[in-house]
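Asker: from the sequence below, what's the structure:
(one chain, ligands or ions: 1)
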Amino acid sequence: MKTVVAGGGWAGLAAAATLSQQDISVDLFESSKQLGGRARSIIDDEWYIDNGQHMMLGAYRNTLKLFNMLGVDERKIARRKLLEFEMHSADNSKVMLRVPNVAAPVHLLWGLMRTKGLDLHERGTALRLGARLIRDKFSITDDLPLEKWLLQNGQTRRLIQYLWQPLCLAMLNTPIKEASTKVFIHILRKNFARERDDSDLLFILPPLSACLPTFAKQYIEQHDGSIHLNQRITGLAVENNQLQGIYMDETYLSCDQLILATPAWITQKLLAEHEATQQISHDLEQFNHHPICTIYIQYPDTASLGTEFIGLVDSMAHWVFDRCMNGQPGLMAVVICGPGEHMNMENESLATVVIDELARLYPKWPEPIKWRVLREKRATLSCDTTVQEKRPETRTPIKGLWLAGDYLNTGYPSILEGAVKSGIMSARSLLAERATSSSARAVR
Ligand SMILES: Cc1cc2nc3c(=O)[nH]c(=O)nc-3n(C[C@H](O)[C@H](O)[C@H](O)COP(=O)(O)OP(=O)(O)OC[C@H]3O[C@@H](n4cnc5c(N)ncnc54)[C@H](O)[C@@H]3O)c2cc1C
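Answerer: Predicted coordinates for the structure are as follows:
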């Protein structure tokens, strides 16, 4: 039995590592020259940066378990901190939420109650919604756009601007006017209503390429697996609804098990060729994706936020991360989530706007030395109210063909945890079917 994984992002790596753990030797084919997919590093003569600032939460249980399985201590890859964030407006007023180290969900209510920069009425309004969510076990019957739901539930414009919108953009990368309330609430529950440490912030310490890609590669190779870079899957060979092999340009490789961990838009094209998977392909075609734009700005190393990150309101930039925590003093990663006018601006104009915004907040910082704009147009799936029921499961109607990727129906938005969970789920489905077929053969 030949088992192949296509795609070396976090989903494909999680799938291949899970199979390796069960002593299945896997061949992983990745079309680019490096592993990591959207969560990779970019290294050249001038820059050593990530393809966008990434962070994790304590609630990334599948991801943390995977690192544990690979023999990697959490402290080697991340710095953990109690949830806190501060939102700065252009006039330098601040709203700051910090949760205390007490059991969930009391920590959330306590944090909301003591949020600095909100008046008594605002805190009471946010707190009442938090308490209602807890009472209703974080469930609602009908889905609707988050902003509409928040307004229906008495949240003020200012609360939306300083609290709910930043949380929505950070968790779903989807504008609050279109984001699915159901998904938002589901993620709130996962992050705030189970264990206190689920809401912890985990700042990733190594460059992304030296994180999961490095450890997973080692593990897969130690278990007789092979990683093949610069190898693009161009087609699937299917006969009588059973996978027979894969095409890579002119090359054909026979295999009877394939985990297709390519991004949704590539998977859509590969599945469109086969009648049995045309419905999934059609559903994937309906998906909208949203961009994330990261502007790296290198200042002299005296420039510092004095904290790991801050959020901005009334600005083009949404978040600023101080890469000092990654041993890169003076380097700021400025993140703009989702769509917006910035996507139509020239890099130079965009960098100028963002540098001016930072100069207004930090007038004592020296002039920047250099900047670089990275735009990932299809960074994440849009978490709107229309796509949720269209997200596919890992199993396909073609025997031997499984799907993995952050677009699957994992219960998460497009995040690292969703990608990892999808990879583990697809590997487990493959293993379960293999076990069933072996016992059926044994009985015969
Ligand atoms: C800028 C940015 C910031 C983000 N920030 C965060 C964050 O802070 N926290 C968080 O949790 N998530 C974040 N995300 C989301 C996270 O990066 C993704 O959810 C995750 O990396 C998706 O992993 P994946 O394996 O599903 O897909 P991908 O990473 O897209 O992996 C798919 C792989 O398949 C390969 N491939 C494509 N076509 C083929 C083919 N034909 N044959 C073989 N291989 C192929 C690709 O090269 C790629 O390596 C961010 C994403 C971006 C872009």
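Asker: wait, isn't Leu28 in contact with Gly8?
Answerer: Yes: with contact defined as C-beta atoms under 8 Å, Leu28 reaches Gly8; the gap is 5.8 Å. No exception for glycine: its C-beta is placed from N, CA and C like everyone else's.
Asker: residues in the stretch 1-150 of the chain within reach of the ligand, list them.
Answerer: 6-12, 29-32, 37-39, 51-52, 54-56 (C-beta under 6 Å from any ligand atom).
Asker: please flag which of those residues sit within helices.
Answerer: Members of those lying in helices (criterion: DSSP state H): Trp10, Ala11, Gly12.
Asker: of these, which is the nearest to Ala261?
Answerer: Lowest distance from Ala261 to those (C-beta to C-beta) belongs to Gly12, with 3.3 Å.
Asker: number of nearby residues for that closest one?
Answerer: A total of 30 residues lie near Gly12 under the criterion other C-beta atoms under 10 Å.
Asker: okay, and the common contacts of Leu28 and Gly8?
Answerer: Common neighbours of Leu28 and Gly8, counting by C-beta atoms under 8 Å, 6 or more residues apart in numbering, are Ile227.
Asker: sorry, back to before: tabulate the ones in helices among the residues of the stretch 1-150 of the chain next to the ligand (JSON lines), appending pLDDT.
Answerer: JSON lines is the format used below for those (pLDDT from 0 to 100):
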{"residue": "Trp10", "pLDDT": "98"}
{"residue": "Ala11", "pLDDT": "98"}
{"residue": "Gly12", "pLDDT": "98"}
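Asker: could you dump those residues into a markdown table and include distance to Gly245?
Answerer: As requested, these are arranged in a markdown table below (distance: C-beta to C-beta, whole Å):
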| residue | distance to Gly245 |
| --- | --- |
| Trp10 | 26 |
| Ala11 | 22 |
| Gly12 | 18 |
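Asker: of those residues, closest to the ligand?
Answerer: Each of those was scored against the ligand by C-beta to the nearest ligand atom, and Ala11 proved nearest at 3.3 Å.
Asker: ranges for the helices of the protein?
Answerer: In chain order, the chain shows helices spanning 10-21, 61-69, 74-77, 106-113, 120-135, 146-152, 157-159, 165-172, 181-192, 212-222, 264-272, 278-285, 347-361, 416-443, with DSSP H as the criterion.
Asker: just checking, what packs against the second one?
Answerer: Taking 3 or more C-beta pairs under 8 Å, 6 or more residues apart in numbering; DSSP states H and E as the contact definition, the neighbouring helices and strands of helix 61-69 are helix 10-21, helix 74-77, helix 212-222, helix 416-443.
Asker: can you check the shortest one too?
Answerer: Using 3+ C-beta pairs under 8 Å, 6+ apart as the contact definition, the elements that helix 157-159 packs against are helix 120-135.
Asker: between the helix it packs on and helix 181-192, how big is the angle?
Answerer: Interaxial angle of helix 120-135 relative to helix 181-192 (axes from the mean of the first three to the mean of the last three C-alpha atoms, to 10 degrees): 90 degrees.
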